[in-house]
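S.K.: Take a look and give me a structure for this.
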Amino acid sequence: MQLFILRHGQAEPLELDDAARQLTARGRAQVNWVCDRRRRELASVRTIWASPYQRARQTAQIVADHLQLPVHIQELLTGDTPPQRVLEALAGAGPFPLLLASHQPLVGSLVNGLCGSGGAHPMGTASLACLSADVWANGCAGLDWLQHAEP
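M.R.: Coordinates of the predicted model:
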């Protein structure tokens, strides 16, 4: 099975409501660039999950527009969710390949935890990781590739 993990693009500065922060023009360009760069690989995605936060929803919608798929909002995909909760949700998820659009520190914890890489794989804004595994558990996945947004 394949799992794509995408950190949202660059967002507006934090003001009063973190959940309402939107993507900047640069953030939208970052996500579009990554989608264009990985168009062939992303074509296999069958399900898109997104954090309820605005910037992650906007990020997921850009991908969804490229793939002609709906976005499913998942309350558990906020940045401070324990990664184990996401892994438990993935056990009953489908169809795969599935793409998650979320935030730090969750995306970094998922990628590095699943790969057992101890922080070796940074997840900057609009970074997209592709992992493969038979089961979604810590140390059980391989990193197929990691695409960072154009600087």
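
S.K.: Now do the helices in the chain.
M.R.: Shown for the chain, the helices assigned by DSSP state H span residues 25-37, 39-42, 54-67, 83-91, 106-115.

S.K.: Mind putting those helices into JSON lines with mean neighbour count and distance to residue 142?
M.R.: Heads up, the C-betas are built off the backbone N, CA and C, glycines and all. Listed next are the helices of the chain as JSON lines, based on neighbours: other CB atoms under 10 Å; distance: least, CB to CB, whole Å:
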{"stretch": "helix 25-37", "mean neighbour count": "18", "distance to residue 142": "20"}
{"stretch": "helix 39-42", "mean neighbour count": "14", "distance to residue 142": "15"}
{"stretch": "helix 54-67", "mean neighbour count": "22", "distance to residue 142": "22"}
{"stretch": "helix 83-91", "mean neighbour count": "16", "distance to residue 142": "16"}
{"stretch": "helix 106-115", "mean neighbour count": "23", "distance to residue 142": "7"}
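
S.K.: for the chain, which spans come out with low pLDDT?
M.R.: Low-confidence segments of the chain, defined by pLDDT under 70: 151.

S.K.: out of the helices of the chain, which comes closest to residue 145?
M.R.: helix 39-42 (7.6 Å; CB to CB).
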